[in-house]
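Undergrad: Give me coordinates for this.
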Amino acid sequence: MQPSLALQDDQEHLPSLLATDAKELSYQLQQHQAKIFPPLSQKTIRTFSPAEAAAFIGIGEGYLRQVAADGHGPDPLANGRRLYSATDMDRIRRVLDERNGTPKYVPARRPGEKLQIVSVMNFKGGSGKTTTAAHLAQFMALRGYRVLAVDLDPQASLSALFGHQPEFDVGEGETIYGAIRYEDPRPIADIVRATYTPNLHLIPGNLELMEFEHETPKAMASGTAETMFFARIGEVLTEIESLYDVVVIDCPPQLGFLTMSALCAATSVLITVHPQMLDVMSMSQFLTMTSELMSVVEKAGGRTSYDWMRYLVTRFEPNDGPQSQMTGFMRAIFGNRMLHNAMVKSTAVADAGVTKQTLYEVERSQFTRGTYDRALESLNLVNGEIEAHIRSTWGRK
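TA: Numbering: from 1, shown residues only. You can find the predicted model right below:
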């Protein structure tokens, strides 16, 4: 007698359980969000000290004080100290360029300089990919570049960090899928959103991005797609490329059609890696699969050459002997394809993430000073090195 396929009393129906848990978790997250950020509140970028502002603008602190004293900075506080907003820094850049008569401090692209599209990727979750993309995009915006962040990950952690909760704030067709879908695509300009950080715009993500993974095989089988899947992201970005200097794409943690399209759109690639044996072994498989798939895409006409490709060590613990050995092992293999600086593991970054903030948003006073300063120094060194690669591509110093 065959065993019954009917659900036994002591068995659990997985689809029902998952649906119930998802609904309850979504509700509780919404309540938690309301406690952290009341319904009428909006996320804001903090103000910066004179030392921080001078570094972002690219001048000495003494020169900044002089410019502010000339009436081009914010009004001093009651204690005589000045704090600078991102808008203040943009205004000072313009003033300095007007004084000098040359475009030195406003870093926008100049004629002949192409849009830089940086795809941040890794096959394995937990590599710090989204944290890296978020801080890079925000750093470049604070440096004065016009930045577009694109969230390609259906989990949409980048969107949440930038104040757009995927379950509540992102509707149908409001991710990049709305612009690259095979039927009735939307203009990408209708999807781009402003953020609370001046110079930084966002194309958010949510679960609908998975539709591209489902629809692409059908479109390929039917032969109805006018543009191949791997060219679709690059094609829609050309519609708005004059508005931006840098695009940062947070790729999903799997090698699907979205990731391949992001790779073909990119001018440069940043691969994050956690320096642990299992992670590096996983990356070895990831690199092999990527190489094989990109060869197929190349034969079909996809772009596979880049201005630069670099590996970034993330969540690095300098006092961890095995991690230091693994990092040295990778540097011996990859040479100058490794970024010189590593993203140091820090409780400051993790604690900021609890309230869905980046380290550029949280106040220093919330943390132990040394912990915060070390984490911020690490972020700035990594992001400054990436900025140098972008400027070098443009032929700038």
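Undergrad: For the stretch 251-397 of the chain, which segments are assigned as strands?
TA: Listed in chain order, the strands of the stretch 251-397 of the chain (DSSP state E, counting those that start in this stretch) span 268-273, 308-313.
Undergrad: tell me the most buried of those strands?
TA: strand 268-273 (a mean of 23; mean count of other CB atoms under 10 Å). For glycine as for every other residue, the C-beta is placed from the backbone atoms N, C-alpha and C.
Undergrad: and the angle for it with strand 308-313?
TA: Counting by axes from the mean of the first three to the mean of the last three CA atoms, to 10 degrees, strand 268-273 points 20 degrees away from the direction of strand 308-313.
Undergrad: How is the chain divided into domains?
TA: 48-98, 114-392 (the TED database).
Undergrad: avg pLDDT for the longest one?
TA: pLDDT averaged over domain 114-392 equals 88, rounded to a whole number.
Undergrad: Stretch 61-81 now?
TA: 91.
Undergrad: before we move on, which element is the residue nearest the centre of the chain in?
TA: Note on the chain: the residue nearest the mean C-alpha position is residue 133, at 2.4 Å, using CA atoms, centre = their mean. In the assignment (DSSP states H and E), residue 133 maps to helix 129-142.
Undergrad: got the contact list for the residue nearest to the centre of the chain?
TA: 120, 149, 158, 248, 249, 250 (CB atoms under 8 Å, 6 or more residues apart in numbering).
Undergrad: which stretch of helix or strand covers the third one?
TA: Element membership for residue 158, per DSSP H and E: helix 157-161.
Undergrad: residues making contact with that helix?
TA: Residues outside helix 157-161 that contact it (CB under 8 Å, 6+ apart) are 130, 133-134, 149, 151, 165-166, 169-170, 202, 204-206, 250, 353, 356-358.
Undergrad: and the residues you listed, which of them are in helices?
TA: 130, 133, 134, 166, 169, 353 (DSSP state H).
Undergrad: Out of those, who's the most crowded?
TA: The most crowded member of the ones in helices among the contacts of helix 157-161, judged by other CB atoms under 10 Å, is residue 133 (28 neighbours).
Undergrad: what separates it from residue 276, distance-wise?
TA: Separation of residue 133 from residue 276 (CB to CB, to the nearest Å): 21 Å.
Undergrad: what do you get for residue 151?
TA: Counting by CB to CB, the gap from residue 151 to residue 276 is 26 Å.
Undergrad: Give me the more crowded residue out of those two.
TA: Neighbours per residue (other CB under 10 Å) separate residue 151 from residue 276, with residue 151 holding more: 32 against 16.
Undergrad: And the contacts of the biggest helix by length in the chain?
TA: Longest helix of the chain, by residue count under DSSP H: helix 369-393. Under the criterion CB under 8 Å, 6+ apart, residues 55, 114, 116, 118, 132, 135-136, 139-140, 143, 246, 267-268, 270, 307-308, 310, 312, 339-344, 346-349, 359-360, 364, 366, 397 lie in contact with helix 369-393.
Undergrad: List the beta-bridge partners for the nearest residue to residue 309 once chain neighbours are set aside.
TA: Spatial nearest neighbour of residue 309, excluding adjacent residues (CB to CB, 6 or more residues apart in numbering): residue 269 at 4.5 Å. Judged by DSSP bridges, the bridge partners of residue 269 are residue 119, residue 309.
Undergrad: my guess is residue 269 contacts residue 306, does it?
TA: Yes. Using CB atoms under 8 Å, residue 269 makes contact with residue 306 at a distance of 5.7 Å.
Undergrad: end-to-end on stretch 200-207?
TA: Chord length of stretch 200-207, first to last residue, is 23 Å (CA to CA, to the nearest Å).
Undergrad: And stretch 220-233, by the same measure?
TA: Stretch 220-233 has an end-to-end distance of 16 Å (CA to CA).
Undergrad: in that stretch, what counts as buried?
TA: By neighbour count with 16 or more other CB atoms under 10 Å, stretch 220-233 contains the buried residues 225, 228, 229, 230, 231, 232, 233.
Undergrad: Excluding sequence neighbours, find me the nearest residue to residue 114.
TA: In space, residue 114 comes closest to residue 267 once its chain neighbours are excluded; the distance is 6.8 Å by CB to CB, 6+ apart.
Undergrad: dump the residue contacts of that neighbour.
TA: For residue 267, the contact set (CB under 8 Å, 6+ apart) comprises 114, 115, 116, 117, 118, 306, 307, 393.
Undergrad: hang on, the earlier thing: now render the strands of the stretch 251-397 of the chain as CSV, adding distance to residue 175.
TA: Shown next, in CSV, are those (distance: least, CB to CB, whole Å):
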stretch, distance to residue 175
strand 268-273, 22
strand 308-313, 26
